[in-house]
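Undergrad: Sequence and predicted structure, then a few things I'm wondering about:
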Amino acid sequence: MTGPMEIPVIDLGGLNGGDEERSRTLAALHDACKDWGFFWVENHGVDAPLMDEVKRFVYGHYEEHLEAKFYASDLAKSLETHDVPTEGEGEEPSDKVDWESTYFIQHRPKSNVADFPEITPPCRETLDAYIAQMVSLAERLGECMSLNLGLPGGHVADTFAPPFVGTKFAMYPSCPRPERVWGLRAHTDAGGIILLLQDDVVGGLEFLRGGTDWVPVGPTRGGRLFVNIGDQIEVLSGGAYRSIVHRVAAGDQGRRLSVATFYNPGPDAVVAPAAREDADAAAALAYPGPYRFGDYLEYYQGTKFGDKDARFQAVKKLLCLPELA
């Protein structure tokens, strides 16, 4: 049983069992999406040795190409001299900057890995194999979410097609003044299904539950992957599933690794609340749609750290396509 603040763990191996076991697994996934918006998965089909190889790549790439540059940055220097202002008369970390070293690689529909010539061909092969398995996992979760919402199994994939798949590789270095800055400020994710390969030693990721309680995700155990829902799944489900505000706390107990793969709609994909027999019509009408995801994403860039509901209402007024309604 799951305790009141214990993040759900979904054993996806149950999807391969008999009808009763599959039904239990689907129900557990539905409850996690509906009541939490984030959860762990195990027996997820992504090879453990491959995940370890990806972690080794990220650590090595950071140490060789990014670490010295990060600590020589204006942010690191200003934090050492205490020049980064805090909010609320010194009580809250700055809401202007993030203590993270990141880069983003796009995988599908077109790869931009050629923009990173320092990534060797063997590392590219490792990443390609890893992403192929992550996409299969995202598609499987999308099929389950669709079925749980009373939609055709391919509804999420069909809505997203062709999907945009990209990975944010992040390192949260040990911070000399963690009380003055966030690793990453609070936000929801713009896209669809987010799959996170988490650090297995250092924590820091936190999700807001019930509007009041910050739930620490903690380091990975047992080869699990962490999943959270983005804004587009919330819209598509008419609010049955919700994207959840999350943040990363800076820490001084060592660096934290984060490899987040985003399974998002393509930029020309049209998103709207799905017509569901059991849907709350009034709730669905509160959501924007139809709109092009590329337009949403462009608006999101300037509002990422703002209020999600206000963003939805603005999108409803500014970006919806009456000709597709």
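TA: Good, I have the coordinates. Residues are numbered from 1 along each chain as shown.
Undergrad: Show me which helix runs longest in this protein.
TA: Longest helix of the chain, by residue count under DSSP state H: helix 121-148.
Undergrad: Return the distance of it from the chain's centre.
TA: On the basis of CA atoms, centre = their mean, to the nearest Å, helix 121-148 sits 14 Å off its chain's mean C-alpha point.
Undergrad: can you check stretch 6-23 too?
TA: 22 Å.
Undergrad: end to end, how far does that stretch reach?
TA: In terms of CA to CA, to the nearest Å, the two terminal residues of stretch 6-23 are separated by 22 Å.
Undergrad: Give me the below-cutoff pLDDT ranges for the stretch 51-200 of the chain.
TA: 80-92 (pLDDT under 70).
Undergrad: where along the stretch 1-150 of the chain do the helices fall?
TA: Taking DSSP state H, counting those that start in this stretch, the helices of the stretch 1-150 of the chain run over residues 19-35, 48-61, 67-71, 74-80, 121-148.
Undergrad: could I get these as TSV with mean neighbour count and distance to Tyr103?
TA: Placement of C-beta: from N, CA and C, glycine included. Shown next, in TSV, are the helices of the stretch 1-150 of the chain (neighbours: other CB atoms under 10 Å; distance: least, CB to CB, whole Å):
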stretch	mean neighbour count	distance to Tyr103
helix 19-35	16	30
helix 48-61	16	9
helix 67-71	14	11
helix 74-80	15	16
helix 121-148	18	12
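Undergrad: Ile229: which of these is closest?
TA: Among the helices of the stretch 1-150 of the chain, helix 19-35 comes nearest to Ile229, with 6.2 Å by CB to CB.
Undergrad: helices and strands around the closest one, which ones?
TA: Under the contact definition 3 or more CB pairs under 8 Å, 6 or more residues apart in numbering; DSSP states H and E, helix 19-35 sits against strand 9-11, strand 38-42, helix 121-148.
Undergrad: As CSV, those with distance to Lys316 would be great.
TA: Shown next, in CSV, are the helices and strands packed on helix 19-35 (distance: least, CB to CB, whole Å):
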stretch, distance to Lys316
strand 9-11, 32
strand 38-42, 25
helix 121-148, 23
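Undergrad: which residue is nearest the centroid of this structure?
TA: Ile194 (3.5 Å; CA atoms, centre = their mean).
Undergrad: For the closest residue to that residue other than its chain neighbours, what is the enclosing helix or strand?
TA: Closest residue to Ile194 apart from its sequence neighbours, by CB to CB, 6 or more residues apart in numbering: Asn228 at 5.0 Å. In the assignment (DSSP states H and E), Asn228 maps to strand 225-229.
Undergrad: Show me what counts as buried in the following helix or strand past that strand.
TA: Next helix or strand after strand 225-229 toward the C-terminus (DSSP H and E): helix 231-236. For helix 231-236, the buried set under the neighbour-count rule, 16 or more other CB atoms under 10 Å, comprises Asp231, Gln232, Ile233, Glu234, Val235, Leu236.
Undergrad: So which elements touch whichever helix or strand comes after helix 231-236?
TA: Counting by DSSP H and E, the element after helix 231-236 in chain order, helix or strand, is strand 246-249. Packing partners of strand 246-249 (3+ CB pairs under 8 Å, 6+ apart): strand 181-187, strand 205-209.
Undergrad: Which of those sits closest to Lys308?
TA: strand 181-187 (8.5 Å).
Undergrad: quick one, what contacts Cys71?
TA: Not Cys; residue 71 is Tyr. Pro173 (CB atoms under 8 Å, 6 or more residues apart in numbering).
Undergrad: that older thread, beta partners for the residue nearest to Ile194?
TA: For Asn228, the beta-bridge partners are Phe38, Ile194 (DSSP bridges).
Undergrad: Would you confirm that it contacts Leu196?
TA: Yes. If you go by CB atoms under 8 Å, Asn228 and Leu196 touch, sitting 7.3 Å apart.
Undergrad: Helix or strand: which one has Cys320?
TA: Using DSSP H and E, Cys320 sits in no helix or strand.
Undergrad: Just the residues contacting stretch 49-66, thanks.
TA: The contact list for stretch 49-66 (CB under 8 Å, 6+ apart) reads 101, 103, 118-119, 123, 126-127, 129-130, 133, 169, 171, 197, 223, 255, 257, 259.
Undergrad: All set, thanks.
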